[in-house]
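**Student:** Task: produce atomic coordinates for the following.
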Amino acid sequence: MTKNDRRITFPEMLIIALFSVGAAYLIQNHHPIAAETREAPTPALAPETVQTIETVPEIIVWDKGTIYDELCRGIEACDETISFPYDCTAELFDVFHEVLADHPEYFWPAGSGSYTRKTSPDGITVVFTPDSFLSRDEVASRRDALEKRVADITARAEAYGTIYERLLFLHDLLVSDTEYDSEAAAVMFERGMDDAISRATGAYGCLVERRAVCSGYAAAFQLLAARLGIPCRRVQGTETRTGAPHEWNIVELDGEWYHIDVTWDDPVFTGEPEEGYRSYDYFCVPTAEIAPTHIFDSETIPPCVSDTYSYYRVNALRLDSYDPDAAAALITRQVGLDCIRLKFPGEDALVPAVHDLIDHRRIFDIPAVKARGVRSLRYSASELGTLTVWLLP
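**Tutor:** Below is the predicted model of the structure:
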């Protein structure tokens with residue numbers, strides 16, 4: 001054996017063998033081309049994502065004005081039911097009554113009704129059914145008659161030049177043309193609402209049938225005034241003496257509000273049977289003048305403080321106290337009219353006038369009265385301070 005010849009010892013052979021096995025392992029795992037071909041395992045599919053699109057109900061913005069408008073639309077169309085795509089049950093009946101109070105031309109709803117409330121995924125629906133005593137055909141027939149009557153009256157009223165004169169015309173026409181329905185008044189609170197009571201308490205009964213109770217007078221006056229463009233509302237209250245329910249109007253004239261009670265200016269309430277007689281104690285008066293005989297919540301209506309357009313103020317028939325010469329002048333100016341009217345602030349000033357002019361017969365000494373050959377008279381004195389005298393031959 002030469003110098004370069006060398007035997008491999010057993011330990012060295014063992015090291016070489018281990019090295020070869022390690023190299024083969026590395027080559028197999030880090031060089032895929034030389035390694036056994038394997039298919040990559042199919043990855044597990046992720047669960048399918050299902051996107052659910054929910055139908056979100058449309059948000060409807062509404063308030064009492066929206067309910068009001070929809071009620072007006074449904075009533076005007078004589079719909080048997082009126083639907084609301086929102087929950088208006090808390091306000092529904094209050095707004096319904098507001099509509100009827102503002103629109104006396106809607107005479108066919110009875111003032112009551114019922115509703116159903118339905119809930120679905122799309123939201124809430126309220127279906128309102130107003131009560132009525134009339135069929136659609138009967139409503140149409142009565143509406144036509146009412147509109148013709150209203151058109152006739154308003155055309156005549158428009159012949160007057162001022163708002164005051166137009167209101168006075170309406171007042172006088174209703175007093176003259178309407179018979180107070182005492183039969184309906186006697187039973188209306190006992191038997192409840194029906195068609196006959198509905199007519200007596202509404203504009204249709206007052207204007208077309210020409211019979212009504214106080215609420216019918218007030219509804220008719222409101223309707224006519226509104227058609228003339230005059231702001232007018234109804235006032236609910238009670239009578240001071242009897243406590244019975246009562247209704248009248250307030251109107252706006254030159255920016256001021258005034259009370260008008262057409263019913264109580266009708267002779268059936270004054271007790272005066274004279275043909276054509278009308279009282280004006282309740283025409284365009286302030287709250288201070290109507291309060292002694294009418295009870296109501298003044299907070300629910302505009303303030304009525306002016307007497308500028310009261311009948312007695314406009315016609316210069318007022319006396320702050322009794323003065324014989326001033327009273328004689330007013331009487332002289334009215335001799336020849338249907339009646340003579342004097343207006344005092346109240347009974348304290350009225351009593352001396354009655355005592356002197358009537359009890360002591362001073363009125364017969366007034367030259368204008370003497371000239372007419374008057375031998376007797378009849379008079380009426382109201383608790384509001386009004387003295388009315390009829391000169392008889």
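
**Student:** Within the helices and strands, which one has residue 74?
**Tutor:** In the assignment (DSSP states H and E), residue 74 maps to helix 64-76.

**Student:** helices or strands up against the helix or strand following that helix?
**Tutor:** Per DSSP H and E, the first helix or strand lying C-terminal to helix 64-76 is strand 82-84. Helices and strands touching strand 82-84, by 3 or more C-beta pairs under 8 Å, 6 or more residues apart in numbering; DSSP states H and E, are helix 64-76, strand 123-132. C-beta here means a position set from N, CA and C on the backbone, and glycine is covered the same way.

**Student:** what angle do the last one and helix 64-76 make?
**Tutor:** Spelled out, it's strand 123-132. Interaxial angle of strand 123-132 relative to helix 64-76 (axes from the mean of the first three to the mean of the last three C-alpha atoms, to 10 degrees): 50 degrees.

**Student:** Determine the set of other helices and strands touching strand 123-132.
**Tutor:** helix 64-76, strand 82-84, helix 92-102, strand 109-120.

**Student:** Of all those, which one is nearest residue 250?
**Tutor:** helix 92-102 (12.5 Å; C-beta to C-beta).

**Student:** for the closest one, the distance to its chain's centre please.
**Tutor:** 6 Å (C-alpha atoms, centre = their mean, to the nearest Å).

**Student:** again with stretch 348-360
**Tutor:** 45 Å.

**Student:** Wait, residue 306 touches residue 286, no?
**Tutor:** Yes. Counting by C-beta atoms under 8 Å, residue 286 is a contact partner of residue 306 at 5.9 Å.

**Student:** any common contacting residues for the two?
**Tutor:** Taking C-beta atoms under 8 Å, 6 or more residues apart in numbering as the criterion, residue 306 and residue 286 both touch residue 258.

**Student:** before we move on, back to that, show me the contact partners of the helix holding residue 74.
**Tutor:** Applying C-beta under 8 Å, 6+ apart, the external contacts of helix 64-76 come out as 81-82, 84, 88, 91-92, 95-96, 98-99, 103, 106, 109, 128, 130.

**Student:** can you tell me how far residue 141 sits from residue 147?
**Tutor:** The gap separating residue 141 from residue 147 is 11 Å, by C-beta to C-beta, to the nearest Å.

**Student:** same deal with residue 362?
**Tutor:** Residue 362 is 53 Å from residue 147, by C-beta to C-beta.

**Student:** Comparing those two, which residue is more hemmed in?
**Tutor:** residue 362 (17 against 12; other C-beta atoms under 10 Å).

**Student:** List the residues that contact the more buried one.
**Tutor:** Residue 362 sits next to 324, 356 when contact means C-beta under 8 Å, 6+ apart.

**Student:** Tell me the confidence at it?
**Tutor:** Residue 362 carries a pLDDT value of 96.

**Student:** and if you look at residue 82?
**Tutor:** 98.

**Student:** What's the local residue count around the residue lying closest to it once chain neighbours are set aside?
**Tutor:** Distances taken as C-beta to C-beta, 6 or more residues apart in numbering put residue 74 closest to residue 82, at 3.4 Å, once the chain neighbours are dropped. Using other C-beta under 10 Å, the number of residues around residue 74 comes to 19.

**Student:** pLDDT score assigned to residue 74?
**Tutor:** pLDDT, read off for residue 74, is 98.

**Student:** what's the spacing between it and residue 233?
**Tutor:** 23 Å.

**Student:** For the residue lying closest to residue 279 once chain neighbours are set aside, give me phi and psi.
**Tutor:** Counting by C-beta to C-beta, 6+ apart, the nearest residue to residue 279 once its immediate chain neighbours are dropped is residue 265, at 4.3 Å. Per-residue torsions, residue 265: phi -90, psi 0 (degrees, to the nearest 10).

**Student:** can you check residue 213 too?
**Tutor:** According to degrees, to the nearest 10, residue 213 has phi -100, psi -170.

**Student:** residues contacting it?
**Tutor:** 180, 181, 184, 185, 188, 200, 201, 263 are the contacts of residue 213 under C-beta under 8 Å, 6+ apart.

**Student:** Test of understanding: give the bridge partners of the first one.
**Tutor:** Going back to what we said before, that points to residue 180. residue 212 (DSSP bridges).

**Student:** Per-residue pLDDT of it, please?
**Tutor:** Residue-level confidence at residue 180 comes out at 94, pLDDT.

**Student:** And it, how far from residue 290?
**Tutor:** 19 Å.

**Student:** So for these two, which residue has more residues nearby?
**Tutor:** A count of neighbours by other C-beta under 10 Å puts residue 290 above the other of residue 180 and residue 290, at 23 against 19.

**Student:** any idea whether the nearest residue to the more buried one once chain neighbours are set aside is helix, strand or coil?
**Tutor:** Excluding the flanking residues, the one nearest residue 290 by C-beta to C-beta, 6+ apart is residue 259, at 4.6 Å. Classification of residue 259 using DSSP: H, G, I helix; E, B strand; the rest coil returns strand.

**Student:** Which pLDDT does the model give residue 259?
**Tutor:** For residue 259, the pLDDT comes out at 98.

**Student:** residues contacting it?
**Tutor:** Counting by C-beta under 8 Å, 6+ apart, residue 259 touches 235, 248-250, 282, 284-287, 289-290, 294, 304.

**Student:** Run through the bridge partners of it.
**Tutor:** Residue 259 has these beta-bridge partners by DSSP bridges: residue 250, residue 285.
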